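Novice: take this sequence and fold it.
(one chain, ligands or ions: 2)
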Amino acid sequence: MPNTTSDVPMIEARDVKKRFGHNEVLRGVSLSVARGEVVAIIGPSGSGKSTFLRCLNHLETIDSGQVAIEGELLASTDAAGHCRYPQDAEVRRICAKTGMVFQHFNLFPHLTVLQNLIAAPMVVQGVARDAAIARAEALLAKVGLAQKRDNYPARLSGGQKQRVAIARALCMQPDIMLFDEPTSALDPELTGEVLRTMRELAEERMTMLVVTHEMGFAREVAQRVAFMDQGELITARPAAEFFADPGHERARAFLQHML
Ligand SMILES: Nc1ncnc2c1ncn2[C@@H]1O[C@H](COP(=O)(O)OP(=O)(O)O)[C@@H](O)[C@H]1O
Ligand SMILES: [Mg+2]
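Specialist: Ligands and ions are numbered 1, 2, ... in the order given. Got it, this is the predicted structure:
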């Protein structure tokens, strides 16, 4: 039975391991995210941040460990060390609790903004066209792009594309939003508008896990900062505490490099 009490973690990853061939990319990563919490994940390139995020919504499968979303097991490992996933329909249902935003937006270029937003609700959730449009228009207004509804992505700036991508993820009404370096592909003058949209989401108590190089955002918006290095999640502590003293030499060296 799904457990709906608010003290069940929205995301619970335990000892998650993942290798690509001989490359051990996640070496036993554990992280728990509470309802309404914003956690920033920082760390050097290649440390496994994207892979970890992708394991949380089944864009990658894990080799061992456990992933639970709102108390429901997406992946678990039995005593013999075999990792199990539920049946496809169950996997899809659990993964629908999370929405993801990528560095490179991943909008459909041949669809207008509105068509990008209504496609998945109609096809995946069976939402009627009028209802999907109403939902999409409300979310476009929310991210400040109501007037772009009939434009094609190629006509938008990078910041506008990313705000559309956020609205598109929200159209599926997820309980959790996963962001993988949402501003890394943007010109510096365009990052602010995307971070502002994310900050508004955080203020509405959306549960968010955000891989980012934006230390200002991590410091001001995230409740906790997790530091990953070489496939390990080394520490996850309250943001103010982390920036005052990350507590680990590798995290300290990384911070010095970033700030
Ligand atoms: N699909 C894949 N196939 C093989 N290796 C991969 C794949 N995805 C990521 N990797 C490797 O896993 C490691 C971690 O990558 P990634 O999770 O993208 O790190 P980060 O997001 O922290 O930069 C890197 O060595 C990368 O080359
Ligand atoms: Mg990455």
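Novice: contacts for the helix or strand residue 54 falls within, please.
Specialist: Residue 54 is part of helix 49-56, with elements assigned from DSSP states H and E. For helix 49-56, contacts defined as Cβ atoms under 8 Å, 6 or more residues apart in numbering pick out 11, 13, 16, 18, 25-26, 29, 31, 41-43, 60-62, 67, 69, 74-75, 98, 100, 178, 180-181, 209, 211, 228, 233. Glycine gets a C-beta too; all of them are placed from N, C-alpha and C.
Novice: just the residues you listed that are near ligand 1?
Specialist: Residues of the contacts of helix 49-56 in contact with ligand 1 (Cβ under 6 Å from any ligand atom): 25, 43.
Novice: and the helix holding residue 54 with ligand 1, contact?
Specialist: Yes - part of helix 49-56 sits near ligand 1 under the criterion Cβ under 6 Å from any ligand atom, namely 49-51.
Novice: list buried members of the contacts of helix 49-56 by neighbour count.
Specialist: The neighbour count (16 or more other Cβ atoms under 10 Å) marks 11, 13, 16, 18, 25-26, 29, 31, 41-43, 60, 62, 67, 69, 74-75, 98, 100, 178, 180-181, 209, 211, 228, 233 as buried among the contacts of helix 49-56.
Novice: for residue 63, give me its contacts.
Specialist: Counted by Cβ under 8 Å, 6+ apart, residue 63 has contacts 17-19, 83.
Novice: highest neighbour count among those residues?
Specialist: Neighbour count (other Cβ atoms under 10 Å) singles out residue 18 as the most crowded of those, with 23 neighbours.
Novice: which secondary structure state does that residue sit in?
Specialist: The three-state label given to residue 18 by DSSP: H, G, I helix; E, B strand; the rest coil is strand.
Novice: ok, now residue 27?
Specialist: Of the three states, residue 27 takes strand under three-state DSSP.
Novice: CA atoms only: put stretch 107-127 into PDB for me.
Specialist: Coordinates of each C-alpha in stretch 107-127 appear next as PDB, following Å, rounded to 0.1, in the frame of the first residue of the first chain:
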ATOM      1  CA  LEU A 107      11.800  20.200 -26.500                       C
ATOM      2  CA  PHE A 108      10.300  18.700 -29.700                       C
ATOM      3  CA  PRO A 109      11.500  21.100 -32.400                       C
ATOM      4  CA  HIS A 110       8.600  20.300 -34.800                       C
ATOM      5  CA  LEU A 111       5.900  21.100 -32.200                       C
ATOM      6  CA  THR A 112       4.800  24.600 -31.000                       C
ATOM      7  CA  VAL A 113       5.300  25.500 -27.300                       C
ATOM      8  CA  LEU A 114       1.600  24.600 -26.600                       C
ATOM      9  CA  GLN A 115       1.900  21.300 -28.500                       C
ATOM     10  CA  ASN A 116       5.100  20.400 -26.500                       C
ATOM     11  CA  LEU A 117       3.100  21.000 -23.300                       C
ATOM     12  CA  ILE A 118      -0.100  19.100 -24.100                       C
ATOM     13  CA  ALA A 119       1.500  16.000 -25.900                       C
ATOM     14  CA  ALA A 120       2.400  13.900 -22.800                       C
ATOM     15  CA  PRO A 121      -0.700  14.700 -20.700                       C
ATOM     16  CA  MET A 122      -2.900  13.700 -23.700                       C
ATOM     17  CA  VAL A 123      -1.000  10.600 -24.800                       C
ATOM     18  CA  VAL A 124       0.300   9.300 -21.500                       C
ATOM     19  CA  GLN A 125      -2.300  10.400 -19.000                       C
ATOM     20  CA  GLY A 126      -5.300  10.400 -21.400                       C
ATOM     21  CA  VAL A 127      -6.200  14.000 -20.500                       C
END
